[in-house]
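*Asks:* have a look; sequence and predicted model below, questions after that.
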Amino acid sequence: MHYTMIEFYKWPEAARLLVTLLLTFCVAVQLLTALISSYRRPYSRRRLFENLLEFFALLQIVALSLLFGQVMNGYNKNMIVPAGYGSLLYAIFICIVITTCIVIAHTGMVHSGMVHSGRVSTGRASHALVIAVSCITLPAVGAAGSSVYALGYIIALLLWGLRGVIISIRRYREIRTGISALSIKNAIDSMHTGVLLGYPDGYVLLINERMQRLMAEITGSVQRNGRLFFSALSSRELRSCSEVSCAKLPQDFYRQVAWQSRRNASAFQGFDTPHGGKKTRQDVQVTSEQLLNPGCQMTEYEGQVVCLLPDGTAWMFIETELTIRNKRYIQVTATDITQRWELTAELQRKEEQLKLRGQEIRETLDNLQILSRDAEIQRAKLRAHDLLGQRLSLLLRIVRGEGAPDYDMIRSQAQMLPDDLRHGQSESSPRDRIDSLRQTFVAIGVDIRLDGELPEDEIIGNVFADIINESVSNAVRHGFATKVLVRISRSDGHYRMEVTDDGFPPAGPVTEGGGISGMRSSINQLGGTLDVAAAPRFTLKVTV
């Protein structure tokens, strides 16, 4: 028996406690390294021996822990116990040497012909270090002295712990960057899209966290049958968008998920059926109304099922069938279409607004056509009234004249009347119309004097010309006037016109007929005013 551990009896209590903590750390780190290594995919012979090497390294650290446990036990009993487990340490060392050599050989075979020879050398050196570290704690080293062995013991523990941390980080990165079952599951879980893969009968083969959360929010629990879940979504009555309420995801979501999965699993075993046997999948029937949370709103978008959640998000569910290696599977995906849904809703609102605006525009155009037609009819009436009044005044003056009536003039005025009615007033300017009016009435002895200039604005000028025409006709026809005076001025940005004549004033109050009413309507459309005075002379005042 070698007393290789006798040096530890001389150490203070605090030092032995630190060694105990170091042993605990090394065991935990090496155990984690072995577990992480076992998760690497795909399997290969090299990885198998690497995992076996990590297992032997864990046994080495456990044997060292047992060796130090003897020291602590002997110290507590006030006795020195000879070191044991020598055979175990030698056996583990031989296994480590053999396994390391196999791993180094496979590493060289895998990397043969590659350019990065430095990486191969580094890998071989790290594996060779395992042999050196395990050699330090062999009982044979104790022959050099207990103090040397104790120092080598501590150095070995530090190296085992450091190696475990480095290997764990490397293997974890290898799992994250490599393709394995765990990396595939992590990648699918990190997706924002919900994914479910199942057998043809619907039972789940693979499901990510997003789909689990959506299931829990829509149905209240995670479902094991994807086909039943999608059928429930499809058969639910589709309604238009409205404000709904739905149970929020519980804080202990994953605990409820696990419990629900166990409860669903029990539905297929251990229960008697009406047929006298165990309960089968076909015996478990759940209706869509029982499965779906009644608060979640179902609708359609582009022919696909869409579920509207109370948080404002919209999810499109699509079921497809896949064939992989001549085996049939189903896939149910849930895609977040919230942005598209909001844009579509906004476009629909815009479309409705455009329809309303279009209807308003059509109604406005119809009203404008009616108003335009009414205005055209009104202008035609005023034109006919002015022309007829003008001709009538001429005819009355000719008939009431002292001499014999000029029948040629009467015939000429009558023949010109239809042509004048057909031609619009837009064919001549307001000034030309006044000149024509003056020439017409001069022939029967009526003098029309114009003091000032007509407005340059064509619309106002035409209205003033219409009023002058009507005023002259009324003065000649009703007052037998021989002189008509028209004064036009402009001040303060307004046009003012005053029309007077030397005819007989009205015997009573002035009653506005079609002529004056028409003139007032035209002035009102321009935002002006029209005033009529009967005494001492008939006077008409216009302000625009």
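*Replies:* In hand now; what should we look at? Every value quoted in this text rests on a predicted model; they were computed, and no experiment measured them.
*Asks:* spatially central residue in the chain, please.
*Replies:* Centrality entry for the chain: nearest residue to the mean C-alpha point is Q339, 2.0 Å, by CA atoms, centre = their mean.
*Asks:* check which helix or strand it maps to.
*Replies:* Assigned by DSSP states H and E, Q339 falls within helix 338-399.
*Asks:* pLDDT on that helix, on average?
*Replies:* Regarding helix 338-399, the rounded mean pLDDT is 77.
*Asks:* and S489, what element?
*Replies:* Element membership for S489 (DSSP H and E) is strand 483-491.
*Asks:* ok, the nearest residue to V542 once chain neighbours are set aside - how many residues close by?
*Replies:* Leaving aside its chain neighbours, V542 sits nearest to M497 (4.4 Å; criterion: CB to CB, 6 or more residues apart in numbering). In this view, the C-beta of every residue, glycine as well, is placed from N, C-alpha and C. Other residues near M497 come to 26 when the count uses other CB atoms under 10 Å.
*Asks:* now swap in S428 and tell me
*Replies:* Neighbours of S428 under the rule other CB under 10 Å: 15.
*Asks:* helices and strands of this structure: which one bottoms out on pLDDT?
*Replies:* Every helix and strand of the chain was ranked by mean pLDDT, DSSP states H and E. The lowest is helix 253-266, at a mean of 42.
*Asks:* buried set for stretch 32-42?
*Replies:* With burial defined by 16 or more other CB atoms under 10 Å, the residues of stretch 32-42 counted as buried are L32, T33, A34, I36, S37, R40.
*Asks:* which of those fall within helices?
*Replies:* Using DSSP state H, the subset of these located in helices is L32, T33, A34, I36, S37.
*Asks:* can you give me the helices for the stretch 151-300 of the chain?
*Replies:* For the stretch 151-300 of the chain, applying DSSP state H, counting those that start in this stretch gives helices covering 181-189, 209-219, 226-235, 253-266, 288-291.
*Asks:* just the CA trace of the first one, in CSV.
*Replies:* The reference is to helix 181-189. The C-alpha trace of helix 181-189 is given here as CSV (Å, rounded to 0.1, in the frame of the first residue of the first chain):
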residue,chain,number,x,y,z
ALA,A,181,-32.0,16.2,-34.4
LEU,A,182,-31.5,18.7,-31.7
SER,A,183,-30.3,21.4,-34.0
ILE,A,184,-33.3,20.8,-36.3
LYS,A,185,-35.7,21.0,-33.4
ASN,A,186,-34.0,24.2,-32.1
ALA,A,187,-34.2,25.7,-35.6
ILE,A,188,-37.8,24.9,-36.0
ASP,A,189,-38.6,26.2,-32.5
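*Asks:* V510 in helix, strand or coil?
*Replies:* Assigned with DSSP: H, G, I helix; E, B strand; the rest coil, V510 falls in the coil class.
*Asks:* kindly apply the preceding question to I444 instead.
*Replies:* coil.
*Asks:* that one: neighbour count?
*Replies:* For I444, the count of nearby residues is 17 (other CB under 10 Å).
*Asks:* going forward, begin numbering at 57 instead of 1
*Replies:* Sure thing, new numbering starts at 57, so read that last one as I500.
*Asks:* kindly state the pLDDT recorded for it?
*Replies:* For I500, pLDDT reads 75.
*Asks:* who are the packing partners of the strand or helix carrying N129?
*Replies:* Assigned by DSSP H and E, N129 belongs to helix 101-132. Packing partners of helix 101-132 (3 or more CB pairs under 8 Å, 6 or more residues apart in numbering; DSSP states H and E): helix 69-94, helix 142-166, helix 173-192, helix 202-233.
*Asks:* quick one: A90 and E416, what's the gap?
*Replies:* A90 sits 77 Å away from E416, going by CB to CB, to the nearest Å.
*Asks:* sorry, wrong one. I was asking about P366.
*Replies:* With distances taken as CB to CB, P366 is found 36 Å from E416.
*Asks:* who has more neighbours out of these two?
*Replies:* Remark: of P366 and E416, P366 carries more neighbours, 16 against 10, as counted by other CB under 10 Å.
*Asks:* what about the stretch 107-256 of the chain, any weak spots by pLDDT?
*Replies:* By pLDDT under 70, the low-scoring segments of the stretch 107-256 of the chain are 136-139, 164-181, 200-201, 235-238.
*Asks:* try 50 this time
*Replies:* 166-177 (pLDDT under 50).
*Asks:* contacts only, for T585.
*Replies:* T585 makes contacts with I579, V598, T599, as judged by CB atoms under 8 Å, 6 or more residues apart in numbering.
*Asks:* possible to save those as TSV with neighbour count, secondary structure and pLDDT?
*Replies:* Below are these laid out as TSV (neighbours: other CB atoms under 10 Å; DSSP: H, G, I helix; E, B strand; the rest coil; pLDDT from 0 to 100):
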residue	neighbour count	secondary structure	pLDDT
I579	20	helix	88
V598	25	strand	92
T599	14	strand	92
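*Asks:* now, which of those sits nearest Q425?
*Replies:* Among the contacts of T585, I579 lies closest to Q425 (CB to CB), at 24.8 Å.
*Asks:* please, which helix or strand holds the spatially closest residue to that closest one that is not a sequence neighbour?
*Replies:* Counting by CB to CB, 6+ apart, I579 lies nearest to L586, which is 4.7 Å off, once chain neighbours are set aside. According to DSSP H and E, L586 maps onto strand 585-589.
*Asks:* model confidence over that strand, on average?
*Replies:* Taken as a whole, strand 585-589 carries a mean pLDDT of 88.
*Asks:* and if you look at stretch 506-517?
*Replies:* Confidence for stretch 506-517, expressed as mean pLDDT, is 88.
*Asks:* got it, and stretch 281-301?
*Replies:* 63.
*Asks:* wait, isn't I152 in contact with A119?
*Replies:* No: at 11.4 Å, I152 does not count as touching A119 under the criterion of CB atoms under 8 Å.
*Asks:* look up how far V600 lies from the residue nearest to the centre of the chain.
*Replies:* As judged by CB to CB, Q395 and V600 stand 58 Å apart.
*Asks:* and what of Y255?
*Replies:* Distance from Y255 to V600, counting by CB to CB: 89 Å.
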